[in-house]
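A.B. asks: give me a 3D structure for the following:
(chains A and B)
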There are 2 protein chains.
Amino acid sequence: MGNFLKTVLFISLIFTTSLVAKEKVYKLKMATTWGPTLSPLIDAANNMAAMAKALSNGRLDIRVDTANKHKSPLGVLDMVKGGQYDMGHTASYYWKGKDINTLPFTSMPFGLTAPEQYAWFYHGGGLELMQKVYAKHHVYSFPGGSTGVQMGGWFRKEIKTLDDLKGLKMRIPGFAGEIMAKLGVQVTNIAPGELFNSLETNAIDALEWVGPSMDIKMGFHKIAPYYYTGWHEPASEMQFLINRKAFDKLPKDLQEILRVSMRLAAYDMYIQNYDMNATAWQEMKKEYPNIKVKTLSKPIMDAMKKANQELIEQMTANNPLLKEVLDSQHAYLKKVREWSKMSDYLYLKDNQ
Amino acid sequence: MGNFLKTVLFISLIFTTSLVAKEKVYKLKMATTWGPTLSPLIDAANNMAAMAKALSNGRLDIRVDTANKHKSPLGVLDMVKGGQYDMGHTASYYWKGKDINTLPFTSMPFGLTAPEQYAWFYHGGGLELMQKVYAKHHVYSFPGGSTGVQMGGWFRKEIKTLDDLKGLKMRIPGFAGEIMAKLGVQVTNIAPGELFNSLETNAIDALEWVGPSMDIKMGFHKIAPYYYTGWHEPASEMQFLINRKAFDKLPKDLQEILRVSMRLAAYDMYIQNYDMNATAWQEMKKEYPNIKVKTLSKPIMDAMKKANQELIEQMTANNPLLKEVLDSQHAYLKKVREWSKMSDYLYLKDNQ
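C.D. replies: Residues are numbered from 1 along each chain as shown, chains lettered A, B, ... in the order given. Next up, the predicted model:
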């Protein structure tokens, strides 16, 4: 074989090798907190994985394991931190028992609405604060889809005064439950599968779930006619988690594909759920025209806001990082709410 | 050279060739209606191009030409249709003079808000109707970023009654201008560069521009203290255009990269502008505390809604496709607004 041909062969092999390396498939595993049918939450996870695969021409292959498979819906942070999974799709406030600083990245009572909160994440320093909080867990955290305003819950009886709340047995978990407890509500936690039965047999008087899109399958509207508007989770943002090492070793273009797929899947879920809520609410009302949409009275709202403020002061007293996050949200809310009031609020007021 | 080596050389060359073909760079040109500094509109175009480049590892190279370069801000549809440009970033209602059916894809008076409209596009059949309208122009059209609620405009004097509108000289272009004309407003169109001067010298009494984020640079708040809330463009959606042939000949993965980059750049612009509006409004109010945010009275709103309805009936009388689009929006609004009222509206009402 002549030198020329040898050179051609050599160059050609080197070139092929380098291109083949670029075509390497990166396989990641993602654990979700959700079961396989929990729309729209599970859709955000699946859509993200499908998008990453299509955008990368198959080079990024993310396997989505639902909670039915890994059996540890509330172990997602630990599994991603420990490297059993590369990624997770879940919600930040589930980790408040391990690390209270994770609480504000889902939604806070009387807090930001969905567009306000996305603006805080992407333009108000929220995304950076989220990384600061999650650094000690060796993961990156990103917005994973907003439910929009969650409803205040289903009540068998109308709530008119603060007295009506005293002794009321209600399923309302997390921070919202702590606020309700301060108002005298007897807060209980019950597994989702038991909720309908508990409400039907008066074991509980009221419960909070999500909103029409997810409540409709649970059937609460068939037994509890008072549907209270939301105050406690005005824009619950789901969460994508990624193990830092797994992310950092991806090629730059795949990192960008992942970031874009997560950001878009999150927005898409917000819009999907907006549509699902509208459709589910139309169906519910048609089938059960007696459902009454109610707003808690001003004295109740004021008492809840006061309880919220007291709890926040307790939590932040010796925790400068949590204070930094909540102060950032509060300052942003103060600015952005002025705009929401003169735009969305006044427009919707005049166009009912 | 032995047969084995020949075979290796052959396979290796074929493989290299096919991989090199996959690495081919596709160069597209995009014309925008905007100048180079018109944030956030021009940002959506630039962000989309940057995203497409990063996601494709450089294989999709979109050159963005602003109006300063191609000198034809309102020629974008024609240029994309004719193939001088492959893509455009603009707004659909600019083409209503050529094809009235393009009007509803930006925003309609008393119509859908931003999340409602995105839900209509992606889950209510809106995107499909947009392709149906644009097929005859040989382009595909996609949402290109929402301004959110646009403000009703700056007025030198307060508008209390319908009589105050009679003879009022106002710059308000397009369909909103036709509604105002029906109420006796003397509608004028004035080039953007002349607007401040016209308002200052009382050549006009009022004008509509966009919202705080874009109005602040124009300085209208320095001379017209009444800032009316919006009714005419509750969610003006910009537009990406692509020549059908140019899109169809792209490899499948680059088509997906383009679709994803456009959809994400659109949502991102909505959130960016939400933040910019909040920030600009805070600045305006600080510098000019006398600015008064006003809502047009119910009799005026009712008269405008009636005029709007009459104009729509005229437009759709002999135009089944326009009727199909507007009926689709109207039916979707009827459903989705119920949800907006019980979620965003009632939440904002209780959290002012």
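
A.B. asks: out of everything not next to it in sequence, what's closest to residue A:219?
C.D. replies: Excluding the flanking residues, the one nearest residue A:219 by Cβ to Cβ, 6 or more residues apart in numbering or on different chains is residue A:196, at 5.6 Å. Every C-beta, even on glycine, is put in place using the N, C-alpha and C of the backbone.

A.B. asks: give me the neighbour count for the one you found.
C.D. replies: Using other Cβ atoms under 10 Å in any protein chain shown, residue A:196 has 15 other residues around it.

A.B. asks: which element, helix or strand, includes it?
C.D. replies: helix A:192-200 (DSSP states H and E).

A.B. asks: what packs against that helix?
C.D. replies: strand A:206-207, helix A:212-218 (3 or more Cβ pairs under 8 Å, 6 or more residues apart in numbering or on different chains; DSSP states H and E).

A.B. asks: quick check: what element follows the longest one along the chain?
C.D. replies: Beyond helix A:212-218 in the direction of the C-terminus, DSSP H and E gives the next helix or strand as strand A:226-228.

A.B. asks: that next one pairs with which strands, and in what direction?
C.D. replies: Under the criterion DSSP bridges, strand A:226-228 sits next to strand A:153-155 (antiparallel), strand A:292-294 (parallel) in its sheet.

A.B. asks: in chain A, which helix or strand is least confident?
C.D. replies: In chain A, the helix or strand scored least confidently by mean pLDDT, DSSP states H and E is helix A:3-22, which has a mean of 62.

A.B. asks: which residues does the helix or strand harbouring residue A:240 contact?
C.D. replies: Residue A:240 belongs to strand A:237-243 when assigned by DSSP H and E. The contact list for strand A:237-243, computed with Cβ atoms under 8 Å, 6 or more residues apart in numbering or on different chains, reads A:41, A:44, A:48, A:76-77, A:80-81, A:83, A:85-92, A:105-107, A:114, A:117, A:121, A:134, A:138-147, A:258, A:262, A:266, A:269.

A.B. asks: which of the residues you listed fall in strands?
C.D. replies: With DSSP state E as the criterion, strands contain A:87-91, A:139-146 from among those.

A.B. asks: alongside chain B, which residues does the stretch 151-300 of chain A contribute?
C.D. replies: Counting by Cβ under 8 Å from any Cβ of the partner chain, the residues of the stretch 151-300 of chain A close to chain B are A:151, A:211-212, A:229-231, A:234, A:253, A:256-257, A:260-261, A:263-264, A:267-268, A:270-272, A:274-275, A:277-279, A:281-282, A:285, A:293, A:295.

A.B. asks: comparing the strands paired with strand A:226-228, which comes out most buried?
C.D. replies: Of all the strands paired with strand A:226-228, strand A:153-155 carries the top mean neighbour count, a mean of 25, counting by mean count of other Cβ atoms under 10 Å in any protein chain shown.

A.B. asks: immediately after it, which helix or strand?
C.D. replies: Counting by DSSP H and E, what follows strand A:153-155 is helix A:162-165.

A.B. asks: now that following helix: buried residues?
C.D. replies: A:162, A:164, A:165 (16 or more other Cβ atoms under 10 Å in any protein chain shown).

A.B. asks: mind listing the helices for the stretch 251-352 of chain A?
C.D. replies: A:252-287, A:298-316, A:320-340, A:346-350 (DSSP state H, counting those that start in this stretch).

A.B. asks: pipe those into TSV and attach mean pLDDT per row.
C.D. replies: Output for the helices of the stretch 251-352 of chain A, formatted as TSV (pLDDT from 0 to 100):
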stretch	mean pLDDT
helix A:252-287	97
helix A:298-316	97
helix A:320-340	98
helix A:346-350	97
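
A.B. asks: please identify the most buried of those.
C.D. replies: Most buried among the helices of the stretch 251-352 of chain A, counting by mean count of other Cβ under 10 Å: helix A:252-287, with a mean of 22.

A.B. asks: and residue A:342, how far from residue A:204?
C.D. replies: Using Cβ to Cβ, to the nearest Å, residue A:342 is found at 40 Å from residue A:204.

A.B. asks: where does pLDDT dip in chain A?
C.D. replies: A:1-2, A:4-22 (pLDDT under 70).

A.B. asks: chain center to the helix holding residue A:196: distance?
C.D. replies: 23 Å (Cα atoms, centre = their mean, to the nearest Å).

A.B. asks: list phi and psi for residue A:138.
C.D. replies: Here is the backbone geometry of residue A:138 (degrees, to the nearest 10): phi 60, psi 30.

A.B. asks: if we can go back for a sec, could you point out which element follows the least confident helix or strand of chain A?
C.D. replies: Defined by DSSP H and E, the subsequent element after helix A:3-22 is strand A:26-32.

A.B. asks: so what secondary structure elements neighbour that following strand?
C.D. replies: Short answer (3+ Cβ pairs under 8 Å, 6+ apart): strand A:26-32 packs on helix A:41-55, strand A:60-65, helix A:67-70, helix A:76-82, strand A:87-91.
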